[in-house]
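*Asks:* Prediction below, plus the sequence it came from.
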Amino acid sequence: MNTTVEHADFFKTLTEKSEHGSLRGNYEGADERYVVRQNWAQYTPAQHALWRQLYRRQASLLPGRACDAFIESLARLDASDGIPDFTRTTDALYKATGWELVAVPGLIPDLTFFEHLAARRFPVTVWLREPEEFDYIAEPDVFHDFFGHVPLLLNPVFADYLQEYGRGGMKALKLDALKYIARLYWYTVEFGLIQTHQGLRAYGAGMLSSGGEIEYCLTSPKPRRVMLDAERTMRTLYKIDSYQETYFVIRDFEHLFSTTEPDFAPLYEVLKTEEALPADTLLPDEKNLPPN
Ligand code: PHE
Ligand code: CO
């Protein structure tokens, strides 16, 4: 197929989805998997300086809020000095868990995204936010993608989960179940909480890369905190333009893995007969876990 037409179509669908905001990446140079060259040498000193500021602020918020696996893995990535060169990160990552980073211009089509994950390739956006977006950015940039997502790829159980998620996503597309599998990603990989002996901690990239939500998700009395359950989670709508109204909690990464291991095909059939639940739902039989 003519890739230019495909890119143009994709652009159109994305810009029509207003929630995704404007696209900044340049899709021109992308190959058929939407992979580009990172062009690391082209980042400016000002961009590296902005990265260091973002990194320093966010790293200072991690103790007592991020799960230990994340804090330990982030340190191993050695990414505090400036926007990382993905090829260098891939060397370390590949040795640890067999994952690679690939550079992408921004959001990519669902199938392409799932195919990358299923092949243990994590797509990382190449561009960095502007200084005025220090605290909030609507679409993922290199800081969110790298700082938020890449550290846990060093964790063997989480690394396997993400690959299984990619395979599950490809299957969900065939079963017309994209929205269900997308909710699962949202409430685990992006906004998941984990129980520890010291209290709740964040493992979701959405809060780990956010200056505000990393504290809100743990201590605010407002949102609901409910144990992860595949059907409940995939029924639940989510907010993309505010802090979450519900967080799903796992006991450990094995719990995440075992919850998502069963064949979802029969579950999708059930979900298709059910109404979606609003983001602020608490079911009658459900325990709302206390904040830290
Ligand atoms: N078990 C899911 C299925 O059968 C696939 C999956 C695995 C989904 C891991 C998410 C995470 O579709
Ligand atoms: Co993300």
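*Replies:* Right, received. Where do you want to start? Ligands and ions are numbered 1, 2, ... in the order given.

*Asks:* For the rest of this, base every contact and every neighbour count on C-alpha atoms.
*Replies:* OK.

*Asks:* what about dumping the CA coordinates of stretch 134-148 to CSV?
*Replies:* The C-alpha trace of stretch 134-148 is given here as CSV (Å, rounded to 0.1, in the frame of the first residue of the first chain):
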residue,chain,number,x,y,z
PHE,A,134,6.5,21.9,32.1
ASP,A,135,3.6,20.8,34.4
TYR,A,136,1.1,19.6,31.9
ILE,A,137,1.0,18.2,28.4
ALA,A,138,-1.9,16.6,26.7
GLU,A,139,-0.1,14.2,24.4
PRO,A,140,2.9,12.0,25.1
ASP,A,141,6.4,13.5,24.5
VAL,A,142,9.8,12.0,25.0
PHE,A,143,9.8,12.9,28.7
HIS,A,144,6.5,11.0,29.4
ASP,A,145,7.4,8.1,27.2
PHE,A,146,11.0,7.6,28.4
PHE,A,147,10.8,8.7,32.1
GLY,A,148,7.4,7.2,32.6
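
*Asks:* Please list the residues of the stretch 101-250 of the chain that sit near ligand 1.
*Replies:* Within the stretch 101-250 of the chain, the positions near ligand 1 by Cα under 6 Å from any ligand atom are 161, 164-165, 168.

*Asks:* Can you list the buried residues in the longest helix anywhere in the chain?
*Replies:* Ranked by residue count and defined by DSSP state H, the top helix of the chain is helix 156-174. Buried residues in helix 156-174, defined by neighbour count with 16 or more other Cα atoms under 10 Å: 157-172.

*Asks:* of these, closest to Thr90?
*Replies:* Ala159 (13.7 Å; Cα to Cα).

*Asks:* give the contact list for the spatially closest residue to the closest one that is not a sequence neighbour.
*Replies:* Counting by Cα to Cα, 6 or more residues apart in numbering, Ala159 lies nearest to Leu153, which is 4.8 Å off, once chain neighbours are set aside. By Cα atoms under 8 Å, 6 or more residues apart in numbering, the residues touching Leu153 are 93, 97, 99, 159.

*Asks:* so the last one touches Val150, yeah?
*Replies:* No: the pair formed by Ala159 and Val150 falls short of the contact definition of Cα atoms under 8 Å, at 9.8 Å.

*Asks:* ok, back up a step: closest to Gly212 among the contacts of Leu153?
*Replies:* Distance to Gly212 across those (Cα to Cα) is lowest for Ala159, with 26.4 Å.

*Asks:* Tell me the pLDDT of the closest one.
*Replies:* You'll see Ala159 listed with a pLDDT of 97.
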